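A.B. asks: Just the structure for this:
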Amino acid sequence: MFKGNAIVTGAANRLGKAMALHLADLGYNVVVHYMASSKEAEEVVSLIKYKGRKAVSIQADLLNPKVVDELIPNAVKAIGGNLNVLINNASIFEYDNLNTSTLESWQRHIGSNLQAPFFLTQAFSRQVPDISLDENNEPISHAVAINMIDQRVKKLNPEFMTYTISKMGLWAFTQTAAQALAPKVRVNAIGPGPTLKAAEQSQKNFLKQRSGVILERGSNIRDIVKAMEYIINAPAVTGQIFCVDGGQHLNWQASDILDVEF
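C.D. replies: Residues are numbered from 1 along each chain as shown. Below you'll find the model as predicted:
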């Protein structure tokens, strides 16, 4: 059954791809945003179409403010209708600390991880469907924005400095946007833990990292997409972060990421 239209940024690979495909399973047509992975994005589009849903891909550099301003209007035009779901998933994750951070690393992380989601959410909110009334004559939203953050916003440390600041800003924005856009748009966040191996990480150390959280298991892709599904289908939930991380944000003994050289 058709549920509406969705856009997922960074949807060509990894969690973005999984969320785009799960949205199709839930009945959504999907705009697949990508930066450079055109072949992979088209593969995601093909998979969504195979599921019987409409899909289009759109290339956009989220570090370019003009391109960001155009993305939501272009997505609406390409998919043929207004959007109900926005997944701010695209993200830059590069190592720095207070001593090694530069203006460039600051601008890259803030631009990709905070500035782009801010203005995409703003544009998204301007085109969403109006609220309706439920069986209790109370307003019900038909639009939701989900920001992919990081469990580390609940467990700060000075590593990955500008990345962490950008995600902390996105968490603050999640809460304030939930206030500003209610009751028309719900805004929530997911904070993944060790779900997929980092490119610079060995399989051995990734498994060690997963087993080092308090549940002794990390999250998997199904955990993340099920969290997304819950948020979409929970009309009374807004301004929340769901740490899907095996309890990593509660760790007191193990570091966030093990033996990765940058």
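A.B. asks: quick one, strands of the stretch 101-250 of the chain?
C.D. replies: 132-133, 139-140, 144-148, 186-192, 241-244 (DSSP state E, counting those that start in this stretch).
A.B. asks: and the second one, which strands flank it?
C.D. replies: If I follow you right, that is strand 139-140. Neighbouring strands of strand 139-140 in its sheet, by DSSP bridges, are strand 132-133 (antiparallel).
A.B. asks: got JSON lines for the strands of the stretch 101-250 of the chain, with mean neighbour count, distance to residue 218 and mean pLDDT too?
C.D. replies: Every residue, glycine included, has its C-beta placed from N, CA and C. Shown next, in JSON lines, are these (neighbours: other Cβ atoms under 10 Å; distance: least, Cβ to Cβ, whole Å; pLDDT from 0 to 100):
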{"stretch": "strand 132-133", "mean neighbour count": "9", "distance to residue 218": "39", "mean pLDDT": "96"}
{"stretch": "strand 139-140", "mean neighbour count": "14", "distance to residue 218": "35", "mean pLDDT": "96"}
{"stretch": "strand 144-148", "mean neighbour count": "26", "distance to residue 218": "16", "mean pLDDT": "99"}
{"stretch": "strand 186-192", "mean neighbour count": "26", "distance to residue 218": "9", "mean pLDDT": "97"}
{"stretch": "strand 241-244", "mean neighbour count": "21", "distance to residue 218": "9", "mean pLDDT": "94"}
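A.B. asks: residue ranges with poor pLDDT in the stretch 151-262 of the chain?
C.D. replies: Low-confidence segments of the stretch 151-262 of the chain, defined by pLDDT under 70: 197, 253-262.
A.B. asks: do that again at 80, thanks
C.D. replies: By pLDDT under 80, the low-scoring segments of the stretch 151-262 of the chain are 194-202, 204-212, 216, 246-247, 251-262.
A.B. asks: Dihedrals phi and psi, the residue lying closest to residue 215 once chain neighbours are set aside?
C.D. replies: What sits nearest to residue 215 in space, not counting adjacent residues and going by Cβ to Cβ, 6 or more residues apart in numbering, is residue 246, at 4.2 Å. Reported as degrees, to the nearest 10, the phi and psi values for residue 246 are phi 70, psi 20.
A.B. asks: Give me the distance between residue 246 and residue 252.
C.D. replies: Distance, residue 246 to residue 252, using Cβ to Cβ, to the nearest Å: 14 Å.
A.B. asks: List of residues touching the longest helix along the chain?
C.D. replies: Counting residues, the longest helix found in the chain (DSSP state H) is helix 161-181. Applying Cβ atoms under 8 Å, 6 or more residues apart in numbering, the external contacts of helix 161-181 come out as 88, 92-98, 101, 105-106, 108-110, 112-114, 117-118, 121, 125, 145, 147, 149-150, 152-153, 156-157, 185-189, 238-239, 241.
A.B. asks: What segments of this protein are helices?
C.D. replies: With DSSP H as the criterion, the chain has helices at 14-26, 38-50, 65-79, 103-110, 116-125, 161-181, 203-211, 221-232.
A.B. asks: For residue 59, find the nearest of those.
C.D. replies: Distance to residue 59, taken as Cβ to Cβ, is lowest for helix 38-50 among the helices of the chain, at 6.6 Å.
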